[in-house]
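J.: any chance you can model this:
(one chain, ligands or ions: 1)
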Amino acid sequence: MKARGRLPTLGARRKRLLDQQAALIALTRSDVFNRENLQQALQLVTETGARLMNVERVSVWRYSESRALIHCVDLYELSKDLHSSGAELEARCFPSYFEALTTSEAIVANDAHTHPQTREFSDSFLTPLNITSMLDIPVRLHGRLKGVLCHEHVGKGVTWTAEDRLFGVAMANLISLALEQRERSRAETALRESQQRLATMLAYAPDGIVVLDLDTGCFIEGNARALQLYGMDREALLRVGPAEMSPERQPDGRLSSEAAREWIEQAMAGANPVFEWMHMNAAGKSIPCEVRLVRLPVSDRRLVQGSINDISERKRLEVERARLNNRWRLLLESAGPGIYGTDTQGRCIFMNRSGEAMIGYKAEELLGCNMHEVIHHTRADGTPYPVDECPIFRAFQVGEPQRCEGELLWRRDGTSFPCEIAAYPIVNGGVIEGAVVTFSDISERLRSQDELRRLKDAAESANRAKSEFLASMSHELRTPLHSVLGHAQLLRRQEGLLGTQVKVLGIIEQSGEHLLGLIDEILDMAKIETGTLELVADHFDLNRLLETIASIMHARAESKGLAFASSTSPALPAVVIGDERRLRQVLMNLLDNAIKYTRGGTVTLRVDVHNSRVRFTVEDTGIGIQPQHLPEIFNLFHQVRDPAVSVEGTGLGLAISRRLTRLMGGELEVKSVPGQGSRFWFDIQLPAVPGAVPASQTRTAIAVEGARRKILVVDDEEDGRGLLRDLLVPLGFEVYEASDGEAAVREAKRLRPDAVLMDIRMPRLNGFQATRQMRHTPSLANTAIIAVSAGAFAQDRWQCIEAGANDFIAKPFRQDKLLAVLCANLDLTLVYADDKPASTSEGAGAMVVPEGEQLRTLLDFASRGDIQSFLQQVNHVESLDPAYARFVQQLRIHAAGYRMKELRRWLKSFEPNDECVAR
Ligand code: ADP
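T.: Residues are numbered from 1 along each chain as shown. Just a heads-up that it's a prediction; the model follows:
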C-alpha cells in the first residue's frame with residue numbers, strides 16, 4: 001500500500017472514519033485482548049493502525065524499568081508487511097521528546113524535522129529512514145506512563161487530522177487495555193499460586209490449625225490434622241468452636257470458657273500465648289494439647305488462628321518417667337551394695353539404706369557433705385588420702401568409670417572396713433553432672449580368699465612334695481638299676497660265655513626290666529594325675545616290636561599251660577612313627593591281664609589294618625568280666641575282687657592303658673562274656689615311614705668312623721662312669737672323667753671335648769648348673785652336651801634342654817640308643833660287627849700297617865689280654881700318622897668283640913715276610 005500524499009477528500013475521510021470505527025469495535029471484541037498474549041495484541045494494533053491510517057511505520061515502545069529509555073516491542077512496516085522489534089531510544093539523547101511524552105496527550109508533528117519535540121530525531125533517525133511526519137500517542141495505565149504508540153509517515157509529509165489523532169488515542173487505549181489485562185491475569189496467577197502454597201502448607205502441617213471467628217464463636221477454617229484431631233469432617237468442624245471441643249473444666253480446675261477467654265484476649269492484644277489445653281474430640285475423649293494463638297491481621301473481622309499440638313505421648317512419657325523414678329528409688333533402696341550419688345564437687349546428693357547401714361550415717365546427715373572428707377579420708381596405712389588422688393573423684397573429673405578394691409571406707413564410729421568401690425560418672429547431654437558410687441564390704445571375702453590361698457598353697461606344696469618325692473624315688477631306684485642292666489649288657493659282649501651264664505644274665509636283665517616296668521607304672525600314674533604324661537614319637541620297627549612281645553608272652557602263657565597265638569597282617573607298615581615304649585606298655589599290660597585272668601585255652605594277639613588305622617586286639621578264653629563291672633575296670637586302682645579268682649595286680653594297668661591309647665589317638669574298648677573270655681582292642685594311627693627298611697637283627701657297633709673324639713663323662717657314681725667308659729673306649733673314643741659339676745667345668749675348659757655326657761644329680765654343682773656354665777664358656781661353643789639322667793619326667797628333659805644341653809637320654813638307656821644320640825650330635829658313623837672287614841686288597845687305598853716296634857707292642861698286649869693297654873696303644877698308633885686309619889679301625893673292630901685270638905692271628909699276619917706295605 002502506498003503512503004498518503006495530501007489531505008483526503010471528505011468522502012474518503014468519511015469512509016476512513018467508518019473503517020476505523022469498525023476496526024476499533026472489532027479489536028475491542030477480539031479475544032486477543034482478553035487473553036494474556038500481549039505481543040499478539042500489540043501486533044494487531046500496529047498492523048490495524050498502519051492499514052487504516054495508511055501510515056508506513058507504526059510501532060509500540062515501552063519504558064524500561066529505570067525509565068531511562070524506551071524499547072520497541074513491535075514495529076509494523078506497511079510496505080514490507082513485516083513486524084520487528086528491539087530498537088531502543090535513550091531519554092538523555094532525546095530530552096524534548098521524552099519530556100513531551102510525560103506531559104502531552106499526543107505529539108502531532110506534521111513536519112517532524114522542524115517540530116520542537118521531534119526534530120531531535122532528524123539526523124539520527126528521520127533522515128536515514130526518510131520519515132517526514134510523526135504522530136506519537138503516550139500509553140498510560142492507571143495514570144502512569146507505560147510507553148508510546150508511534151505513527152511515522154515516510155515520503156512526502158502529511159497533515160495529521162483530528163480523526164487521525166483520535167484514532168491514535170483509541171489505539172493507545174487499546175494497548176493500555178491489553179497491558180492491564182496482562183497485569184491482572186499475572187496478579188491472579190500469583191494469588192492463586194500463593195493460595196495453593198498456603199493450602200498445601202496447612203494441609204500437611206504436623207499441627208492442627210484452626211481459625212476462630214470471635215464474632216460467631218465458630219471455626220471458619222481447619223486443616224486436615226485439626227479434623228483428624230477432633231475426629232470430625234470439615235462441615236462439622238465449621239459448625240463448632242473451642243467451647244464445644246473442650247471439657248467443662250481444664251485439669252487445673254478452671255472453667256474452660258473462662259480460661260479460653262483469657263488466652264484469646266491475650267492473643268487479640270498482640271501476644272502469642274502458648275499454653276497446655278485439654279481438648280475433647282467428637283467421641284468425647286480428652287486430648288492433652290499444646291496450643292499457640294495468634295491474631296490474624298484482617299481489618300474487618302476478629303479472627304484468631306490456633307495451632308494445636310497433641311501432646312498425649314509426651315504426657316504419657318512424663319507419667320512413665322515419674323513411675324520409673326519411683327522404681328529406681330525402690331531399686332536403689334533395696335540394693336545390697338551401698339550406693340550414693342555426688343554432684344561435680346563430690347557432695348552427697350543421695351545415699352541408699354544399705355549405704356547408711358554400712359557407714360553408720362543417715363542420708364540426711366550426708367546430703368551436701370563432701371563424701372571423700374567424711375568417709376574416705378584416710379588410707380589403710382593411716383596416712384591422709386588427698387582428694388585429688390581419689391579414684392571416685394576422678395570418675396566425674398575425667399568422665400570415665402573407675403573401680404578399686406581394698407580401699408578403706410570410714411564409719412561414723414571411727415572404724416573402717418575394706419571395700420570394693422565402683423564409681424560411674426552421671427553424664428547428661430554430654431555434660432558430667434556428678435557420679436554414682438557403689439561400694440560393698442569385702443572383709444569377709446578377703447578372709448575367705450586368705451583361707452583359700454592358704455589351702456591352695458598347702459595343696460600345691462603337698463603336690464610339689466609328692467612330685468619331688470616321686471622324681472627322687474624314681475631317680476634313686478633307677479640309678480642302681482641302670483648299673484645292673486648296663487653291666488649285664490656289657491657282660492653279654494664277652495666272648496665264650498657259658499650257657500648258664502647267659503641264662504643268669506637273662507634273668508638279671510628280665511628282673512631289671514620288670515623292676516623298671518613297676519617304677520614306670522608308678523611314675524606314669526603320677527604323670528597321669530598331674531596331666532604331664534607326654535608321648536615321644538620316633539621311628540620304630542613295628543614287626544620287631546610285635547615279635548619281641550609275642551616271644552615274651554609266649555613264654556609266659558606256656559608257663560601257665562596256655563596256648564598263645566599271634567597274627568599280624570601283611571598290610572602292616574614295616575617302620576612306623578609312634579611311641580614304641582607306650583605301645584609296648586599297653587600291649588604287654590593287656591596280654592599280661594589276658595594270661596592272668598585265663599585258666600585254660602588260648603590268649604591271642606592280633607594286629608591288622610582297620611579303616612587305615614592299625615587295630616590291636618587281645619583276646620582270651622578266660623574268666624571274663626561281669627557286665628556290671630565293665631564300666632569300672634578302667635578306673636584307677638580298680639580291681640574286681642572275685643573271691644574265686646586270686647591274682648596279683650595293682651589296679652593301675654587298664655587305667656593307664658586307656659589313657660595311653662587316648663593319648664595315641666585311639667580308644668581302648670572291651671567286650672567280655674563271663675565264663676567265656678574277654679576281648680580288648682584299640683585302633684591307632686601309626687604313620688608308615690616311607691622307604692625305611694627295618695633292621696633284621698640287633699647289630700653290635702664296634703667302632704666309629706673318622707677321627708677320634710674326646711668325650712668327658714660326668715657322673716658322681718663311679719659305676720655310672722665306668723659303664724660309659726667301658727662302652728666308649730673300645731669304639732675308639734678318648735674318654736675322660738669328672739665326678740662332679742665343678743670338676744666337669746674345669747676339665748671341659750682344659751680338654752675342650754667334642755662331647756660331654758652329663759649326669760644331672762650331683763653334689764656341689766649339679767648337671768644343670770655345670771651345663772649352664774659350660775654354655776657361657778666361649779671355648780666350649782662347639783662341645784655337644786648330652787644330659788644323661790635317671791629323671792624320667794618330661795620336665796627333666798625340658799630343664800636340661802633349657803639349661804643348654806643338646807640332647808637328653810633317660811637312664812637306664814640302651815647302649816645303641818646312646819651311641820645313636822652321640823653319633824647324631826657329633827656327626828659320626830658307626831661301624832658294625834657284621835660290616836665286612838676291609839682286606840688289604842679292597843677299598844680305595846691300601847691299608848697301611850705301622851713298623852715292627854708298634855706292631856710288636858700291639859701283639860704283646862693282645863697276647864696278654866690287656867685290653868686297656870692294647871686300646872691305648874691303638875690310640876697312640878693312630879696319632880702317629882693318619883695313614884694308619886684303616887688299620888686302626890680294624891684293630892678296634894676286633895678289640896670291641898674281645899676277639900683276642902682272632903686279633904692275635906690277624907696281627908701276626910703283618911709280621912715281616914708277609915705281603916703288605918709296611919712303614
Ligand atoms: P589289675 O592290676 O588288677 O589287673 P587292671 O587295671 O589291669 O588291674 O585291671 C582291672 C580289673 O579289670 C582287674 O582287676 C580285673 O578284674 C579286670 N580285668 C582286666 N583284664 C581282664 C581280663 N582279660 N579278663 C578278665 N578280667 C580282666
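J.: chain center to the lengthiest helix in the chain, what's the gap?
T.: Among the segments of the chain that qualify as a helix by DSSP state H, the longest is helix 443-492. Here helix 443-492 is found 43 Å from its chain centre; the criterion is C-alpha atoms, centre = their mean, to the nearest Å.
J.: next one: stretch 49-58
T.: 92 Å.
J.: average pLDDT across it?
T.: Regarding stretch 49-58, the rounded mean pLDDT is 92.
J.: same deal with stretch 104-118?
T.: Here the average pLDDT along stretch 104-118 is 93.
J.: quick one, phi/psi of residue 634?
T.: Dihedral angles of residue 634 (phi, psi; degrees, to the nearest 10) stand at phi -90, psi 0.
J.: so the closest residue to it other than its chain neighbours versus residue 633, what's the distance?
T.: Nearest non-adjacent residue to residue 634, counting by C-beta to C-beta, 6 or more residues apart in numbering: residue 658, 4.6 Å away. (Glycine included, C-beta is placed from N, CA and C.) Per C-beta to C-beta, to the nearest Å, residue 658 is found 9 Å from residue 633.
J.: and for residue 590?
T.: 12 Å.
J.: ok, the residue of the stretch 201-350 of the chain found nearest the ligand - contacts?
T.: Proximity to the ligand, evaluated over the stretch 201-350 of the chain using C-beta to the nearest ligand atom, is greatest for residue 336 at 51.9 Å. Contacts were defined as C-beta atoms under 8 Å, 6 or more residues apart in numbering; by that measure residue 336 touches 354, 440.
J.: same thing but at 10 Å, please
T.: 352, 354, 438, 440 (C-beta atoms under 10 Å, 6 or more residues apart in numbering).
J.: below-threshold pLDDT in the stretch 301-450 of the chain: ranges please.
T.: Within the stretch 301-450 of the chain, the ranges that satisfy pLDDT under 70 run 324.
J.: the residue of it found nearest the ligand: neighbouring residues, count only.
T.: Among the residues of the stretch 301-450 of the chain, residue 448 lies nearest to the ligand; the distance is 39.8 Å by C-beta to the nearest ligand atom. By other C-beta atoms under 10 Å, the residues close to residue 448 number 11.
J.: do residue 740 as well
T.: What residue 740 shows, counting by other C-beta under 10 Å, is a neighbour count of 19.
J.: name the residues contacting each of residue 658 and residue 633.
T.: Jointly contacting residue 658 and residue 633 under the rule C-beta under 10 Å, 6+ apart are 670, 680.
J.: those helices in the stretch 201-350 of the chain, which residues are they?
T.: Using DSSP state H, counting those that start in this stretch, the helices found in the stretch 201-350 of the chain span residues 224-230, 234-237, 256-268, 312-334.
J.: TSV for the ones you listed, including distance to the ligand?
T.: TSV is the format used below for the helices of the stretch 201-350 of the chain (distance: least, C-beta to the nearest ligand atom, whole Å):
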stretch	distance to the ligand
helix 224-230	86
helix 234-237	97
helix 256-268	96
helix 312-334	58
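J.: and the gap between residue 718 and residue 301?
T.: With C-beta to C-beta as the criterion, residue 718 and residue 301 are 132 Å apart.
J.: would you tell me which strand is longest in the chain?
T.: When the chain is parsed with DSSP state E, its longest strand is strand 416-428.
J.: secondary structure class for residue 412?
T.: coil (DSSP: H, G, I helix; E, B strand; the rest coil).
J.: just to check, it is in contact with residue 360?
T.: Yes: with contacts counted by C-beta atoms under 10 Å, residue 412 reaches residue 360, the gap being 3.7 Å.
J.: can you list residues touching both of those two?
T.: Counting by C-beta under 10 Å, 6+ apart, the shared contacts of residue 412 and residue 360 are residue 375.
J.: returning to what we had before: contact partners for the residue of the stretch 301-450 of the chain closest to the ligand?
T.: Residues near residue 448 by C-beta under 10 Å, 6+ apart: residue 442.
J.: gap between it and residue 11?
T.: 139 Å.
J.: where does the residue in the stretch 651-800 of the chain that the ligand sits nearest to land on pLDDT?
T.: Here the stretch 651-800 of the chain gets closest to the ligand at one residue, residue 653, 2.8 Å apart by C-beta to the nearest ligand atom. Looking at residue 653, its pLDDT stands at 85.
J.: wait, doesn't it sit right on residue 587?
T.: No: counting by C-beta under 10 Å, residue 653 sits too far from residue 587 to count as a contact (11.5 Å).
J.: returning to what we had before: give me the phi and psi for the residue of the stretch 201-350 of the chain closest to the ligand.
T.: According to degrees, to the nearest 10, residue 336 has phi -70, psi -50.
J.: number of residues surrounding the residue of the stretch 51-200 of the chain found nearest the ligand?
T.: Among the residues of the stretch 51-200 of the chain, residue 200 lies closest to the ligand, at 93.7 Å counting by C-beta to the nearest ligand atom. Using other C-beta under 10 Å, residue 200 has 10 neighbouring residues.
J.: so which elements touch the helix or strand harbouring it?
T.: Assigned by DSSP states H and E, residue 200 belongs to helix 162-204. Helix 162-204 sits against helix 10-29, helix 38-53, strand 57-63, strand 107-109, strand 131-141, strand 144-154, strand 208-213, helix 224-230, with contacts defined as 3 or more C-beta pairs under 10 Å, 6 or more residues apart in numbering; DSSP states H and E.
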